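Trainee: return atomic coordinates for the entry below.
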Amino acid sequence: MNIITSIAEMKKISKDLKKSSRQVSFIPTMGKLHDGHLNLIEEGKKYGEVIVSIFVNPAQFGPDEDFDNYPRDFENDVKTLKDLNIGYLFHPPADIIKNTATYLINPEYSNRLEGIFRPTHFQGVLTIVMKLFCIINPDFALFGLKDYQQYILIKKMVEDYFLDARVIPVPTVREKCGLAMSSRNAYLDEKDKKIACNFYQSLKKTADLFKAGEISGEKLTVSAIKELIKSGFKIDYAKIMDQGLNTEKRTVDSGDILLAAARFKGVRLIDNIFFE
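Mentor: Numbering: from 1, shown residues only. All right, here's what the predicted structure looks like:
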């Protein structure tokens, strides 16, 4: 596997792949790879030559967040990618974001849900993803749906700037109990992780209420909040919206999505579930 740290070299490799008529699938990560990342990689292989990036982006962390303590295991990540027969790992230098003066922002879709609690987060996400897209120029880019608002924002960014990349959404990979895979799950010991599993189960109970015939957005949201509080979570938000995140739903339809964020034992969890 080639580990590329030079922006110029990564640009050249990507151009050479395209010259040889090979399509590029790109999976951007912050490392500490788990089964959710591995699923993205396996999906990426269906579309073209896979390039994975590992970069813990300081621009998407708030001043009181966990940038310094964010789980990192580069050596093991390299071994994992080699075992998956990945040809290219892009591990850019801090210069990729350091001293950046121009940031991307989508005020309409950033200033809701996650953006209320992490006001500079999506500015950092969109900026680093655009930089990575400019370097790699992928044909396909794959993103997990656990970070659903992020997926919507990146999809809109690609559309707004007429980028060539096709953004591929990939369903959330979960632990056996339903907890969404996340690098930050490493902060939880096994006992706390079992309790954290109730986060998704609370959302699932709300989806089951919809299946049973409840369509009131208010009643379904209240049900979700009650379930989360009962399980010991401190809620940041729980909202039901259409798939495009344009409108909070008063009457819920099939295909709408319940999104929630909550804190447990100092760990912030986010997740969602579609109503079917």
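Trainee: all contacts plus neighbour counts: C-alpha atoms, from now on.
Mentor: Will do.
Trainee: where do the helices sit along the protein?
Mentor: 7-19, 35-45, 74-83, 107-110, 114-117, 121-136, 148-160, 190-196, 198-211, 217-230 (DSSP state H).
Trainee: I'd like those helices laid out as a markdown table, including mean neighbour count.
Mentor: Below are those laid out as a markdown table (neighbours: other CA atoms under 10 Å):
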| stretch | mean neighbour count |
| --- | --- |
| helix 7-19 | 15 |
| helix 35-45 | 19 |
| helix 74-83 | 14 |
| helix 107-110 | 15 |
| helix 114-117 | 16 |
| helix 121-136 | 19 |
| helix 148-160 | 18 |
| helix 190-196 | 15 |
| helix 198-211 | 20 |
| helix 217-230 | 18 |
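Trainee: okay, those in CSV with mean pLDDT and distance to residue 272 next?
Mentor: CSV is the format used below for the helices of the chain (pLDDT from 0 to 100; distance: least, CA to CA, whole Å):
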stretch, mean pLDDT, distance to residue 272
helix 7-19, 95, 34
helix 35-45, 97, 15
helix 74-83, 98, 27
helix 107-110, 95, 17
helix 114-117, 96, 12
helix 121-136, 98, 18
helix 148-160, 98, 8
helix 190-196, 93, 14
helix 198-211, 97, 7
helix 217-230, 97, 11
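Trainee: what sits against the closest residue to residue 241 other than its chain neighbours?
Mentor: Spatially, and ignoring its direct neighbours in sequence, residue 241 is nearest to residue 248 (4.3 Å; CA to CA, 6 or more residues apart in numbering). Residues in contact with residue 248 (CA atoms under 8 Å, 6 or more residues apart in numbering) are 239, 240, 241, 242.
Trainee: one more: residue 106?
Mentor: 123, 153.
Trainee: so what pLDDT did it get?
Mentor: Turning to residue 106, the model gives it a pLDDT of 97.
Trainee: can you give the domain ranges for the chain?
Mentor: Under the assignment automatic domain parsing, the domains of the chain span 2-170, 183-274.
Trainee: to residue 176, which of these lies closest?
Mentor: Minimum separation from residue 176 across the domains of the chain (CA to CA) falls at domain 183-274, 9.1 Å.
Trainee: just send the helices of the chain back as JSON lines, with distance to residue 255 too.
Mentor: As requested, those are exported to JSON lines (distance: least, CA to CA, whole Å):
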{"stretch": "helix 7-19", "distance to residue 255": "37"}
{"stretch": "helix 35-45", "distance to residue 255": "23"}
{"stretch": "helix 74-83", "distance to residue 255": "35"}
{"stretch": "helix 107-110", "distance to residue 255": "19"}
{"stretch": "helix 114-117", "distance to residue 255": "21"}
{"stretch": "helix 121-136", "distance to residue 255": "25"}
{"stretch": "helix 148-160", "distance to residue 255": "14"}
{"stretch": "helix 190-196", "distance to residue 255": "26"}
{"stretch": "helix 198-211", "distance to residue 255": "11"}
{"stretch": "helix 217-230", "distance to residue 255": "13"}
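Trainee: out of those helices, which gets nearest to residue 98?
Mentor: helix 121-136 (10.7 Å).
Trainee: mind listing residues that contact that closest one?
Mentor: Taking CA under 8 Å, 6+ apart as the rule, helix 121-136 contacts 7, 10-11, 14, 26, 28, 57-62, 96-97, 103-106, 110, 115, 150, 153-154, 157, 165.
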